[in-house]
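Asks: pasted the sequence and its predicted model underneath.
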Protein chains: 4
Amino acid sequence: ESAAYLVDMETIEPIDRTDLPKYEPDLVISLGGDGTLLSAARAFAQTNTPIVGVNLGSLGFLTEVPVNELYETIEAWMQGSAVLDERSLMCAELVRDGRHFRTWDALNDVVIAKGAIARMGEFTIKLDGQLVAGFRADGVIVSTPTGSTAYTLGAGGPILMPQLDAMVLTAICPHLLTIRPIVVPGDAEICVAVDVVPHETYLTVDGQEAVELLLGDAIYCRRSKHSVKLLRLRPNGLFNVLRSKLSWGSR
Amino acid sequence: ESAAYLVDMETIEPIDRTDLPKYEPDLVISLGGDGTLLSAARAFAQTNTPIVGVNLGSLGFLTEVPVNELYETIEAWMQGSAVLDERSLMCAELVRDGRHFRTWDALNDVVIAKGAIARMGEFTIKLDGQLVAGFRADGVIVSTPTGSTAYTLGAGGPILMPQLDAMVLTAICPHLLTIRPIVVPGDAEICVAVDVVPHETYLTVDGQEAVELLLGDAIYCRRSKHSVKLLRLRPNGLFNVLRSKLSWGSR
Amino acid sequence: ESAAYLVDMETIEPIDRTDLPKYEPDLVISLGGDGTLLSAARAFAQTNTPIVGVNLGSLGFLTEVPVNELYETIEAWMQGSAVLDERSLMCAELVRDGRHFRTWDALNDVVIAKGAIARMGEFTIKLDGQLVAGFRADGVIVSTPTGSTAYTLGAGGPILMPQLDAMVLTAICPHLLTIRPIVVPGDAEICVAVDVVPHETYLTVDGQEAVELLLGDAIYCRRSKHSVKLLRLRPNGLFNVLRSKLSWGSR
Amino acid sequence: ESAAYLVDMETIEPIDRTDLPKYEPDLVISLGGDGTLLSAARAFAQTNTPIVGVNLGSLGFLTEVPVNELYETIEAWMQGSAVLDERSLMCAELVRDGRHFRTWDALNDVVIAKGAIARMGEFTIKLDGQLVAGFRADGVIVSTPTGSTAYTLGAGGPILMPQLDAMVLTAICPHLLTIRPIVVPGDAEICVAVDVVPHETYLTVDGQEAVELLLGDAIYCRRSKHSVKLLRLRPNGLFNVLRSKLSWGSR
């Protein structure tokens, strides 16, 4: 829905998002909000193409370029003076019946969560093969540093600076007192095994792509080989964005 | 599903839950877990019939009577020496198109929550007509003191002693920093208005009854006229149950 | 220090705070911030004298009357049209060597806390004689509903509406995962026993009066017989104050 | 107080802790609890000497070797089969009157906190020179991953895996809603400036060394050049220790 699509200048047809990288653009301009940019980022994840995240509405966590700075940003890029803010992606692999089922690259997060009227699920978390904990909860979020200001924040997670080489695991409404958000090194492997799967439990990638989970499914989260290059006029200031979007630090 | 049903001794037919109060029993024995008791409690909410919550498995927050104490508890009740633990119910009224749609009595909580793959909803909360806050979140929980050890706990809410005359409002994964659980007097009226309703947003009562919500719906939560009388052999000790069920206070 | 003092019109001498009630004023005007009002409130706790909390600086949680509304508020009071916002006080009794040592009335809270360079203390909490939990922590806060927006807030406590008849107990930096803020009925008795007392552990009342605690001391918190009558021009709106002072509900 | 001291075999005199490294031992054996090991770790921080943390009481976060495994651990070390668990240290520099005053290496954390009866302090936090936030609080903790299971945990911080190259900043009882724990890369520089210094505000290193702070002091926290090598028989399992010490993951 929040499609980042181009128009093929010869055929004047909109291009399917998955076909976008075939056109090998030098630069991608995402016009919209964070959702549009997340979508564009995953589409171009396997390329080195920089993305300009232009916000058409209010400042976004990812779309920091206001529309009136777009041309200045492109000029700066052409002159080599723009800032490339490289964000690491996380790779999530769904293993079903003991076999590889599918992988996704996520810029923000991978969420495993139950439906609105379902009972709680049961999850077992392992880190590099070692048991972290097993518990009942509405779900589990594995997030990149970039995603720590997104859904993870609502679930009580910490803020991770974007440059940190790490992932953070946060439970959603766990029915136990003895768990906390866990920050793990970027080269670790987090495994979330679905032990009890209520009606309508989904794996969601960046809040955009979803697949229904089955009993026995396991999701492995690791650092992706790919990354996203966000192009800006000036260096990023996470706390300026937090102040603007979440009243960070205000009384 | 977790039906508390009786058998009509004359017809040997199971009785529909909503018909149970018509038989005017002197005592209700709930055999199962907390879910079974929640179901029985709502069925008998408008009567004065005491309920014995027998747990067939592990100790429950509501079903504290182990099966081997059942007869002793009934004898104590007949001799008038059993303990009646009266728990207040909350009444939730759904107002649709500005008109009364339906009411429910809840022993634990009323949950307004989105589906697994939906975007966040937007809610406006009022207390006795005054604006509390408007925010985006996965949902909102309004809980009785009894329900403070149930779903509210996972959303970061405080523990309320069962005798407290109060309700507690807790947001589920709100995407803002500036909200906290709010404890209000029992005679207050909490209104949750659904401003933006994503796909598959539900109102759920005690985790058991559900109705899909529409844009513009408003849910009013007030103290119910009714209450539940839990029968026990001995006075209740909330912290003993918390220690047993949630490792409360342990290192 | 934040003294609410009057001048004796005959001797033109400032009056000691504890002597203030002897003059039996019809109305007390507190000029300053919340600290000044807390001090005045305790001084006049055993009287029925209403207090006007005028803020000389920014809006306070307790001092909601701006200086330019002072005369209008007094006139409204004289005409009987002002609003009396009655706030319950909490009575804290220090028991030392098994005997009554001293009592205080608190409008906000009673804090038991260690000094900056001390190790953690160990506390045992009882509610109406029943064990709540024993744990190591920097300290413990017992707060009135009025105090829930003060120190308790920083320790992660919930917001309690001022009219609620309740107290809330919150641990300060406890070194365990298995504790949560606990809201208890106003007629309950909370006992905090100091099991291990590090160097420089203090009992502090409303952040203003302090006494050093000794090993074996126990502090009993109960509803006070007294209350404070805050005089205002208009009814109080807690969430308006929260929005102004703590960016409540803002994104 | 919790001194890790040796006896000089020739003079049979106890050796001052700061002189310990001069004896250039091949191995340090810390007998006691986590406090003893923290003390030994700082004493040998500038050497490559491995430390065996033997717990004489219960399992510690740092002292995982039970006394009956001591000789086996030493034999494994001599045979080269023991596990070296390298933990990064944090370097805290106190700048007073704009000039270097003193530095410390910390294995767990650096805490800036006010005394028990003082008002809140005011702090400004910067990260690599950029403003994070300014706020009133009881204090601020800057912690290593190793220290995330110590004091930071009580202040609501996340768990950081020991191998993570990071620091975490957590406010102690901040009087605002708009702050969260922040995890920063190991090569970042956190600056905590003391804007308003109440009576008896202290900088404490690993809960053991303390210096009183003055108005205008600034504390810079960076990755230390040094590290601590903990010697064990087997690889470390953080979650096993968490389960044992904090009931981690238990219901």
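Replies: Ah, there it is. It should be emphasised that the depicted structure is a prediction, and the values quoted were computed from it without experimental measurement.
Asks: mind listing what the residue in the stretch 1-150 of chain A that chain C sits nearest to touches?
Replies: At 9.7 Å from chain C, residue A:58 is the closest residue in the stretch 1-150 of chain A, using Cβ to the nearest Cβ. From N, CA and C alone the C-beta is placed, and that goes for glycine too. Contact analysis of residue A:58 by Cβ atoms under 8 Å, 6 or more residues apart in numbering or on different chains lists residue A:245.
Asks: distance check, it against residue A:83.
Replies: As judged by Cβ to Cβ, to the nearest Å, residue A:58 and residue A:83 stand 21 Å apart.
Asks: and if you look at residue A:231?
Replies: 7 Å.
Asks: ok, these two, which is more surrounded?
Replies: More crowded of residue A:231 and residue A:83, by other Cβ atoms under 10 Å in any protein chain shown: residue A:231, with 21 against 14.
Asks: quick check: the more buried one touching residue A:50?
Replies: Yes. Using Cβ atoms under 8 Å, residue A:231 is in contact with residue A:50, at 4.3 Å.
Asks: anything in contact with each of these two?
Replies: Taking Cβ under 8 Å, 6+ apart as the criterion, residue A:231 and residue A:50 both touch A:27, A:77, A:84.
Asks: could you give the bridge partners of residue A:227?
Replies: Assessed by DSSP bridges, residue A:227 has beta-bridge partners residue A:88.
Asks: typo on my end, it should be residue A:222
Replies: residue A:91.
Asks: check contacts around it.
Replies: Residues in contact with residue A:222 (Cβ under 8 Å, 6+ apart) are A:90, A:91, A:93, A:188, A:189, A:190.
Asks: against residue A:109, how distant is the second one?
Replies: Yep, that's residue A:91 we're talking about. Distance from residue A:91 to residue A:109, counting by Cβ to Cβ: 13 Å.
Asks: returning to what we had before: buried ones from the contacts of residue A:222, can you make that a ChimeraX selection?
Replies: The ChimeraX command for the buried members of these (criterion: 16 or more other Cβ atoms under 10 Å in any protein chain shown) is given here:
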select /A:90,91,93,188,190
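Asks: export the contacts of residue A:222 to CSV and tack on pLDDT?
Replies: Below are the contacts of residue A:222 laid out as CSV (pLDDT from 0 to 100):
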residue, pLDDT
A:90, 97
A:91, 97
A:93, 98
A:188, 98
A:189, 98
A:190, 98
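Asks: chain B contacts on the stretch 151-251 of chain A?
Replies: A:151, A:153-156, A:172-178, A:200-202, A:204, A:207, A:210, A:246-248 (Cβ under 8 Å from any Cβ of the partner chain).
Asks: strands along the stretch 1-150 of chain A, start to end?
Replies: Here the stretch 1-150 of chain A has its strands, by DSSP state E, counting those that start in this stretch, at A:28-32, A:51-55, A:65-66, A:83-96, A:99-106, A:109-113, A:121-127, A:130-137, A:139-143.
Asks: report the beta-bridge partners for the residue lying closest to residue A:111 once chain neighbours are set aside.
Replies: Closest residue in space to residue A:111, ignoring its immediate chain neighbours: residue A:204 at 4.6 Å, by Cβ to Cβ, 6 or more residues apart in numbering or on different chains. Residue A:204 forms beta bridges with residue A:111, residue A:210, as assigned by DSSP bridges.
Asks: roughly how far does residue A:204 sit from residue D:30?
Replies: 47 Å.
Asks: looking at these two, which one has more neighbours?
Replies: Per other Cβ under 10 Å, whichever of residue A:204 and residue D:30 has more neighbours is residue D:30, with 28 against 22.
Asks: mind listing what the more buried one touches?
Replies: Taking Cβ under 8 Å, 6+ apart, we find residue D:30 in contact with D:4, D:36, D:37, D:40, D:51, D:52, D:53, D:54, D:63.
Asks: any chance of those in JSON lines, plus pLDDT, distance to residue B:242 and neighbour count?
Replies: Formatted as JSON lines, the contacts of residue D:30 follow (pLDDT from 0 to 100; distance: Cβ to Cβ, whole Å; neighbours: other Cβ atoms under 10 Å in any protein chain shown):
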{"residue": "D:4", "pLDDT": "46", "distance to residue B:242": "40", "neighbour count": "23"}
{"residue": "D:36", "pLDDT": "92", "distance to residue B:242": "35", "neighbour count": "22"}
{"residue": "D:37", "pLDDT": "94", "distance to residue B:242": "34", "neighbour count": "29"}
{"residue": "D:40", "pLDDT": "92", "distance to residue B:242": "39", "neighbour count": "28"}
{"residue": "D:51", "pLDDT": "96", "distance to residue B:242": "39", "neighbour count": "25"}
{"residue": "D:52", "pLDDT": "95", "distance to residue B:242": "39", "neighbour count": "24"}
{"residue": "D:53", "pLDDT": "94", "distance to residue B:242": "34", "neighbour count": "28"}
{"residue": "D:54", "pLDDT": "93", "distance to residue B:242": "36", "neighbour count": "22"}
{"residue": "D:63", "pLDDT": "92", "distance to residue B:242": "31", "neighbour count": "25"}
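Asks: dump the residues you listed to TSV, plus distance to chain A.
Replies: TSV is the format used below for those (distance: Cβ to the nearest Cβ, whole Å):
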residue	distance to chain A
D:4	30
D:36	26
D:37	23
D:40	26
D:51	23
D:52	23
D:53	20
D:54	24
D:63	20
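Asks: for those residues, which one is nearest chain B?
Replies: residue D:63 (16.2 Å).
Asks: show me the contacts for the closest one.
Replies: Shown in contact with residue D:63 (Cβ under 8 Å, 6+ apart): D:30, D:32, D:33, D:34, D:36, D:37, D:53, D:54, D:55.
Asks: at 7 Å what do you get?
Replies: Applying Cβ atoms under 7 Å, 6 or more residues apart in numbering or on different chains to residue D:63 gives the contacts D:30, D:33, D:34, D:37, D:53, D:54, D:55.
Asks: any weak-confidence spans in the stretch 101-250 of chain A?
Replies: Applying pLDDT under 70 to the stretch 101-250 of chain A flags no residue at all.
Asks: in stretch A:93-111, what's buried?
Replies: Residues of stretch A:93-111 classed as buried: A:93, A:94, A:95, A:104, A:105, A:106, A:107, A:108, A:109, A:110, A:111 (neighbour count, 16+ other Cβ under 10 Å).
Asks: stretch A:129-139 too?
Replies: By neighbour count on 16+ other Cβ under 10 Å, the buried set for stretch A:129-139 is A:132, A:133, A:135, A:136, A:137, A:138, A:139.
Asks: and residue A:24, how close does it get to residue B:195?
Replies: 43 Å.
Asks: what's the end-to-end length of stretch A:182-196?
Replies: Stretch A:182-196 has an end-to-end distance of 22 Å (Cα to Cα, to the nearest Å).
Asks: tell me how far it lies from the chain's centre.
Replies: 16 Å (Cα atoms, centre = their mean, to the nearest Å).
Asks: what of stretch A:228-239?
Replies: That offset, for stretch A:228-239, works out to 16 Å (Cα atoms, centre = their mean).
Asks: same check on stretch A:115-131?
Replies: Distance of stretch A:115-131 from the chain centroid (Cα atoms, centre = their mean) equals 20 Å.
Asks: then stretch A:22-34?
Replies: Put simply, stretch A:22-34 sits 17 Å off its chain's centre (Cα atoms, centre = their mean).
Asks: ends of that stretch, what's the gap?
Replies: Start-to-end span of stretch A:22-34 (Cα to Cα) is 23 Å.
Asks: check stretch A:172-183 too.
Replies: With Cα to Cα, one end of stretch A:172-183 sits 16 Å from the other.
Asks: who in chain A is up against chain D?
Replies: Within chain A, the positions lying close to chain D (Cβ under 7 Å from any Cβ of the partner chain) are A:130-135, A:158-161, A:163-164, A:166, A:176, A:178-185, A:188, A:237, A:239, A:246-251.
Asks: out of those residues, which touch chain C?
Replies: Counting by Cβ under 7 Å from any Cβ, A:178, A:180, A:246, A:247, A:250, A:251 from those sit close to chain C.
Asks: so which of those is the closest to residue C:214?
Replies: residue A:178 (33.5 Å; Cβ to Cβ).
Asks: alright, that wraps it up for me.
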